[in-house]
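A.B. asks: okay, structure incoming, though there's no sequence with it:
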């Protein structure tokens, strides 16, 4: 069986009127079905660029990206089964929570009785059902982001891309929601790629962490995290071994960050 | 609702005093508003009676009412109002529809927008009145020219206001739609248009006033009927009562149209927050 996501020697060059920027260089990695993989790297190293490539918004300058063995460039974007969660929830304030959650299904022309019920069931399962007729402004930041996750899950994506989804929240909400989102993704059995600059978040949620080099990004190292995640992402932070992972990743990231500044 | 009344009972004496003072200020403002109007009208009438101002040039409230009465009896009043109102409403509606339509096209194609940008700037700066004689020659000295004049005056402002509303719609929300695989049309109809509701309404408020300007200018130039015609005619034969009466009617109608737009705005807000999805 081949992995769900294969990224092979991918390079990307951004063109601007007065500059040409090599964002990714010879980057290879893969993600298996059901895995939760985290990517950390110095800021501006092209982590988000990689997610854009995976969802097919931009085309790689070199190499290829396969999802389920099929090149991303061949996938019709309206039919794509990739759920992308952004930093902010971007719920539409003139739609209710239910209306917002159905947005993806509507856009993809997948809204029918069955999928509608599934969306409501997700709302129910994760404690937002009673807020379905509320408007986004009536919900807290954490709840809004959870609604955004359910909007992403509603069309049953095979792969979730999480682009620093907690970074706009306050610290306490961030920890709680991280834990909750982790549980939701685990119980739905989704494959997920998390981009973050928060080392602890990466270790506590994922089973594998890729560290990117500074720009142009490629994979600097890969770490398999062997922590017991049965009790959720939050409790892994107390496990023995967590600190060692943290120190290792911190040193690598610090090296890359300093390195990028002197470049 | 219940919650609020329950709350009210729990307010501290200080808070109740505070609420009372707010209510008192509001009342005072309302009283002053009406008082200003009454004082103005009464002084006008008194000054005219005492010949402090010449009623032949300045008219007076009573003379205006009399003129209104005789116009109504003569059967012409409603016709003049009807003509002007038709022209204004048509100019306003057509200007808004065309302006919004063109704004949509410009939003759709970046290239078209960039190509047309300097033309819009120049057309916006051009006093549309300058086009009056051309319109008369092209379209004829009649109602159509007046409607086109009203349309032209509100058109460019509408395009610019609505387009800036569309462009403001933040790139991040469009990014979200892209992550869901939305087409350009879906981005427009599901995000950009509903989000620009308030901007479109504020464009309407501006163009209501603009349409009145257009219609009056048009009527000054060519008309044989309408309130603008009455003003020009009254000025030429030195019947200032007629001029003043027409101005009062226009004030009233323009305010009415503005309130209609405001009512529409409220209805839109209500619809947005009550519609289920």
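C.D. replies: Cool, got the structure. Only a predicted model underlies this, so the values are computations on that prediction, with no experimental measurement involved.
A.B. asks: what is the burial count for residue B:132?
C.D. replies: Residues lying near residue B:132 (other CB atoms under 10 Å in any protein chain shown) number 19. (Glycine included, C-beta is placed from N, CA and C.)
A.B. asks: actually residue A:2, not the one I typed
C.D. replies: There are 11 residues near residue A:2, going by other CB under 10 Å.
A.B. asks: got it, and residue B:42?
C.D. replies: Neighbour number of residue B:42 under other CB under 10 Å is 11.
A.B. asks: mind checking how far it is from chain A?
C.D. replies: Remark: distance between residue B:42 and chain A (CB to the nearest CB, to the nearest Å) = 48 Å.
A.B. asks: ditto for residue B:130
C.D. replies: 39 Å.
A.B. asks: then residue B:74?
C.D. replies: 51 Å.
A.B. asks: now do the phi/psi pair for that residue.
C.D. replies: Backbone torsions for residue B:74, taken as degrees, to the nearest 10, come to phi -60, psi -20.
A.B. asks: burial of it, as a residue count?
C.D. replies: 9.
A.B. asks: quick one: pLDDT of it?
C.D. replies: Looking at residue B:74, its pLDDT is 86.
A.B. asks: what does chain A have sitting close to chain B?
C.D. replies: Applying CB under 8 Å from any CB of the partner chain, we find that chain A lies next to chain B at A:55, A:57, A:76-80, A:83-84, A:86, A:88, A:90, A:92, A:94-96, A:98-99, A:102-104, A:106-108, A:133, A:135.
A.B. asks: below-threshold pLDDT in the stretch 51-200 of chain B: ranges please.
C.D. replies: Scanning the stretch 51-200 of chain B with the threshold set as pLDDT under 70 gives B:169.
A.B. asks: which one is whichever residue of it sits closest to chain A nearest to, not counting chain neighbours?
C.D. replies: Nearest residue of the stretch 51-200 of chain B to chain A: residue B:179, at 3.6 Å (CB to the nearest CB). The shortest distance from residue B:179 to any non-neighbouring residue, by CB to CB, 6 or more residues apart in numbering or on different chains, is to residue A:84 (3.6 Å).
A.B. asks: what about that neighbour, which SS state?
C.D. replies: Here residue A:84 is recorded as strand under DSSP: H, G, I helix; E, B strand; the rest coil.
A.B. asks: just the strands in chain B please.
C.D. replies: Counting by DSSP state E, chain B forms no strands at all.
A.B. asks: show me the domain layout of it.
C.D. replies: Following automatic domain parsing, chain B resolves into domains at B:2-53, B:76-274.
A.B. asks: of these, give the one that comes closest to residue A:116.
C.D. replies: domain B:76-274 (16.3 Å; CB to CB).
A.B. asks: show me the shaky parts of the stretch 101-250 of chain A.
C.D. replies: For the stretch 101-250 of chain A, no range has pLDDT under 70.
A.B. asks: buried stuff in stretch B:206-215?
C.D. replies: For stretch B:206-215, the neighbour count (16 or more other CB atoms under 10 Å in any protein chain shown) marks B:207, B:208, B:209, B:210, B:211, B:212, B:213, B:214, B:215 as buried.
A.B. asks: I'd guessed the third one sits against residue B:254; true?
C.D. replies: The reference is to residue B:209. Yes. Between residue B:209 and residue B:254 there is a contact under CB atoms under 8 Å: 7.2 Å.
A.B. asks: thinking again about what came up before, narrow the residues of chain A next to chain B to those in helices?
C.D. replies: Residues of the residues of chain A next to chain B located in helices (DSSP state H): A:98, A:99, A:103, A:104, A:106, A:107.
A.B. asks: wait, the first one touches residue A:133, no?
C.D. replies: It refers to residue A:98. Yes. Look at residue A:98 against residue A:133 with CB under 8 Å: they come within range, at 6.7 Å.
A.B. asks: more neighbours: the two, which one.
C.D. replies: Legend: neighbour count by other CB under 10 Å for residue A:98 and residue A:133, higher for residue A:98 (20 against 12).
A.B. asks: centre-most residue in chain B?
C.D. replies: Centroid-nearest residue in chain B: residue B:208, 2.5 Å away (criterion: CA atoms, centre = their mean).
A.B. asks: and that residue, how far is that from residue B:134?
C.D. replies: For residue B:208, the distance to residue B:134 equals 25 Å [CB to CB, to the nearest Å].
A.B. asks: neighbours of residue B:94, how many?
C.D. replies: Number of residues near residue B:94 (other CB under 10 Å) recorded here: 17.
A.B. asks: so what's it closest to, chain neighbours aside?
C.D. replies: residue B:151 (4.9 Å).
A.B. asks: which ones are touching that neighbour?
C.D. replies: Going by CB atoms under 8 Å, 6 or more residues apart in numbering or on different chains, residue B:151 touches B:91, B:94, B:95, B:98, B:211, B:214.
A.B. asks: and the stretch 101-250 of chain B, which residues reach chain A?
C.D. replies: B:172-173, B:175-183, B:186, B:190-191, B:194-195, B:197.
A.B. asks: at 10 Å what do you get?
C.D. replies: B:170, B:172-183, B:186-187, B:190-191, B:194-195, B:197 (CB under 10 Å from any CB of the partner chain).
A.B. asks: give me the buried subset of the residues you listed.
C.D. replies: B:173-182, B:186-187, B:190-191, B:195, B:197.
A.B. asks: looking at the residues you listed, which is nearest residue B:59?
C.D. replies: Of those, the one sitting nearest to residue B:59 (CB to CB) turns out to be residue B:197, at 42.9 Å.
A.B. asks: distance of the nearest residue to that closest one once chain neighbours are set aside relative to residue B:23?
C.D. replies: Leaving aside its chain neighbours, residue B:197 sits nearest to residue B:268 (5.8 Å; criterion: CB to CB, 6+ apart). Residue B:268 sits 29 Å away from residue B:23, going by CB to CB.
A.B. asks: who's more crowded, those two?
C.D. replies: residue B:268 (14 against 10).
A.B. asks: next, the contact list for the more buried one, please.
C.D. replies: B:197, B:198, B:200, B:201 (CB atoms under 10 Å, 6 or more residues apart in numbering or on different chains).
A.B. asks: report the two of those separated the most.
C.D. replies: Counting by CB to CB, the most remote pair of the contacts of residue B:268 is B:198 and B:200, 7.3 Å apart.
A.B. asks: so which of the two has more stuff around it?
C.D. replies: Remark: of residue B:198 and residue B:200, residue B:200 carries more neighbours, 20 against 13, as counted by other CB under 10 Å.
A.B. asks: surely the more buried one meets residue B:97?
C.D. replies: No. Using CB atoms under 10 Å, residue B:200 makes no contact with residue B:97, being 11.3 Å away.
A.B. asks: got phi/psi on the residue positioned nearest the centre of chain A?
C.D. replies: Centroid check for chain A by CA atoms, centre = their mean gives residue A:162 as the closest residue, at 1.6 Å. Note on residue A:162: backbone dihedrals following degrees, to the nearest 10 are phi -110, psi 110.
A.B. asks: of the residues of chain A next to chain B, buried ones?
C.D. replies: Of the residues of chain A next to chain B, these count as buried by 16+ other CB under 10 Å: A:55, A:77, A:80, A:83-84, A:86, A:88, A:90, A:92, A:94-96, A:98-99, A:102-104, A:106-108, A:135.
A.B. asks: helices of the chain, start to end?
C.D. replies: I went with chain A, as the question did not name one. A:47-54, A:97-101, A:103-107, A:113-125, A:141-153, A:171-187, A:199-205, A:233-236, A:242-262.
A.B. asks: you looked at the wrong chain, it should be chain B
C.D. replies: B:2-10, B:13-49, B:55-58, B:61-74, B:77-108, B:110-125, B:132-139, B:143-168, B:171-179, B:184-187, B:193-195, B:197-222, B:227-236, B:240-274.
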